[in-house]
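Q: Compute the structure for the input listed below.
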Amino acid sequence: MVELLLPAAGFPDLRAAAQYLAAAVALYFLVEQLSYLRKKGPLPGPALVVPFLGSVAHMVRDPAGFWDAQAARARESGSGLAADFLIGRFVVFIRDSELSHRVFANVRPDAFHLIGHPFGKRLFGDHNLIYMFGEDHKDLRRRIAPNFTPRALSTYAALQQRVVLAHLGRWLAHTGEATPLRVPCRDMNLETSQTVFVGPYLTEKARERFAKDYALFNVGLMAMPVDLPGFAFRRARLAVARLVRTLGDCARQSKARMRAGAEPECLVDYWMQDTVRETDEAATAGKPPPAHTDDEELGGFLFDFLFAAQDASTSSLCWAVSALESHPDVLARVRAEVAAVWSPESGEPMTAEKIQGMRYTQAVAREVVRYRPPATLVPHIAGEPFQLTEWYTVPKGAIVFPSVYESSFQGFPTPDAFDPERFFSEARREDVAYKRNFLAFGAGAHQCVGQRYALNHLVLFLALFVSVVDFKRDTTEGCDDPVYMPTIVPRDGCSVYLKQRCASFPSF
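A: Have a look, this model is predicted:
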């Protein structure tokens with residue numbers, strides 16, 4: 001029996017194997033630490049990192065605290081940069097606005113690759129607007145341009161107002177109790193996006209499935225990137241695939257309708273007008289279809305729009321309500337400006353001309369976006385080593401995080417104050433003087449193509465909300481501390497008491 005317990009011939013002692021394994025793991029950890037320190041160089045950051053995981057537990061547990069710590073390191077060192085380590089990846093945090101511009105201006109194969117999310121390619125797929133470069137990217141943006149002309153924005157404005165008012169009516173059914181607005185704003189924005197982007201092509205059943213899939217996607221954005229059955233990240237990835245197929249089918253239906261000569265009713269219609277013409281011309285000439293005209297590929301691009309519009313807009317609407325309630329003078333000026341051009345009893349939506357004439361309300365919208373940029377970070381990956389400063393080169397494979405949030409508080413006088421006058425006053429003109437610090441919509445080749453639509457949506461919401469609703473913030477300690485959901489929102493979800501303000505609720 002004793003002989004049976006001895007190592008068989010040709011098989012190593014288990015204890016010896018364990019020692020070899022432990023030595024191999026220790027060597028791996030040592031190499032990883034040395035690699036991290038070599039890449040970190042003179043940047044401020046942890047001297048030692050947790051093997052493989054790095055600081056990911058802190059980032060997932062307290063995202064706001066984690067990024068605040070990065071900003072503090074970058075600020076206190078005077079370098080505008082900080083280093084850390086997340087799930088096997090070296091990361092560089094960029095606080096300095098000019099260094100952020102260097103990243104945005106060098107999105108190309110041999111420099112930086114925009115990724116939108118640290119694990120975005122695994123969620124969104126490789127063929128996505130944000131991953132494109134050069135002429136291919138320019139050609140696609142050219143095709144997208146008709147979606148945001150004044151005529152198109154005017155079409156969207158009427159749709160937006162009807163959806164917003166329908167939701168405001170539902171919110172007012174809860175008078176007497178404090179209502180956190182984050183989820184209602186998210187639901188309103190999802191219906192607005194569905195209606196504006198692909199309106200007539202989604203059935204009610206498809207909208208319900210769409211909403212469930214987008215909720216799964218949102219949860220997966222904030223989860224650990226474990227792509228296995230039962231995990232939130234896997235559910236999110238599968239949900240994105242279903243959403244893209246649904247939106248691709250909407251593009252197919254729009255092509256047929258535009259080919260039949262119908263007038264555009266939503267964003268995909270404006271897009272498909274030129275697409276159908278170019279496709280038909282290519283077919284007549286015996287050529288293959290132009291690039292980026294495949295239904296499912298178009299569905300992926302429409303999902304990009306949805307992702308860009310949905311959570312960012314939810315963030316801005318919540319911060320706008322919070323800012324107006326805490327600045328009654330600003331609220332009074334917005335109400336007076338809107339009342340001069342539109343009344344809830346008019347029975348008509350606001351026209352594009354009236355919206356453009358509300359200059360102070362537009363300044364408020366821009367200040368909301370400056371004061372609380374929804375997407376605080378714009379992650380990129382270094383495709384090759386890139387000399388960011390005279391003394392530091394970003395190593396290949398590093399994830400860099402330009403902070404548009406930190407840029408918003410640089411340059412501007414009294415940046416911690418919510419002050420729409422900075423964008424309204426002809427004397428101050430801070431929108432011109434500090435333009436390079438206003439990075440909420442990015443910069444360079446990948447600057448947000450839909451920023452006019454985004455600002456219009458915020459202006460419309462402000463105008464309608466202050467006209468039909470009286471509101472009071474349910475103020476508690478720390479209620480306005482930013483938390484990531486995944487864009488930043490007030491900690492309490494912007495909890496408010498609501499009451500109808502106008503004599504009769506608008507209907508048109």
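Q: Going by C-alpha atoms from here, please, whenever you check contacts or count neighbours.
A: Noted.
Q: Wait, L298 touches D249, no?
A: No - L298 is beyond contact range of D249, at 9.3 Å (criterion: C-alpha atoms under 8 Å).
Q: okay, the two: which has more neighbours?
A: Neighbour count, other C-alpha atoms under 10 Å: between L298 and D249, L298 has more, with 25 against 19.
Q: Find the nearest non-adjacent residue to Q160, please.
A: Of all residues beyond its chain neighbours, the one nearest Q160 is T192 (5.9 Å), with distances taken as C-alpha to C-alpha, 6 or more residues apart in numbering.
Q: Can you give me the pLDDT of that neighbour?
A: If you check T192, the pLDDT there is 96.
Q: same question, A308
A: At A308, the model reports a pLDDT of 82.
Q: Let me know the helix or strand that it is in.
A: helix 295-326 (DSSP states H and E).
Q: what does K396 give?
A: Taking DSSP H and E as the definition, K396 sits outside all helices and strands.
Q: Next up, identify which helix or strand the residue nearest to Q160 is on.
A: Assigned by DSSP H and E, T192 falls within helix 182-198.
Q: Next, the buried residues of that helix.
A: 182, 184-198 (16 or more other C-alpha atoms under 10 Å).
Q: Ok, stretch 167-179 next?
A: Buried-residue list, stretch 167-179, by 16+ other C-alpha under 10 Å: H167, L168, W171, L172, A178, T179.
Q: Which two among these are spaced furthest apart?
A: H167 and A178 (16.4 Å; C-alpha to C-alpha).
Q: can you dump the C-alpha coordinates of stretch 356-363 into CSV?
A: Extracted C-alpha coordinates of stretch 356-363, given in CSV (Å, rounded to 0.1, in the frame of the first residue of the first chain):
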residue,chain,number,x,y,z
GLN,A,356,-33.2,79.1,-32.5
GLY,A,357,-34.4,82.4,-31.1
MET,A,358,-34.2,81.2,-27.5
ARG,A,359,-30.6,82.3,-27.1
TYR,A,360,-30.5,82.3,-23.3
THR,A,361,-32.1,78.8,-23.1
GLN,A,362,-29.4,77.6,-25.5
ALA,A,363,-26.7,79.2,-23.3
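Q: where does the stretch 1-150 of the chain have low pLDDT?
A: 1-12, 127 (pLDDT under 70).
Q: can you map out the strands along it?
A: 81-86, 89-94, 112-114 (DSSP state E, counting those that start in this stretch).
Q: Columns mean neighbour count on top of these, output as JSON lines?
A: Formatted as JSON lines, the strands of the stretch 1-150 of the chain follow (neighbours: other C-alpha atoms under 10 Å):
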{"stretch": "strand 81-86", "mean neighbour count": "25"}
{"stretch": "strand 89-94", "mean neighbour count": "24"}
{"stretch": "strand 112-114", "mean neighbour count": "26"}
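Q: Let's have those strands in JSON lines, adding distance to F233.
A: Listed next are the strands of the stretch 1-150 of the chain as JSON lines, based on distance: least, C-alpha to C-alpha, whole Å:
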{"stretch": "strand 81-86", "distance to F233": "17"}
{"stretch": "strand 89-94", "distance to F233": "18"}
{"stretch": "strand 112-114", "distance to F233": "20"}
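Q: so which of these gets nearest F418?
A: With C-alpha to C-alpha, the closest approach to F418 among the strands of the stretch 1-150 of the chain belongs to strand 89-94: 23.9 Å.
Q: neighbouring strands for the closest one, and are they parallel or not?
A: strand 81-86 (antiparallel), strand 399-402 (parallel) (DSSP bridges).
Q: starting at the chain centroid, how far to the longest one?
A: Here strand 81-86 shows a centroid-to-chain-centroid distance of 22 Å under the convention C-alpha atoms, centre = their mean, to the nearest Å.
Q: Next: the shortest one.
A: Strand 399-402 has its C-alpha centroid displaced from the chain centroid by 15 Å (C-alpha atoms, centre = their mean).
Q: which residues touch it?
A: Here strand 399-402 makes contact (C-alpha atoms under 8 Å, 6 or more residues apart in numbering) with 89-95, 99-100, 103, 118, 377-382.
Q: which other helices and strands contact whichever helix or strand comes after that strand?
A: Next along the chain after strand 399-402, taking DSSP H and E as the criterion, comes helix 404-407. Judged by 3 or more C-alpha pairs under 8 Å, 6 or more residues apart in numbering; DSSP states H and E, helix 404-407 is in contact with helix 97-104.
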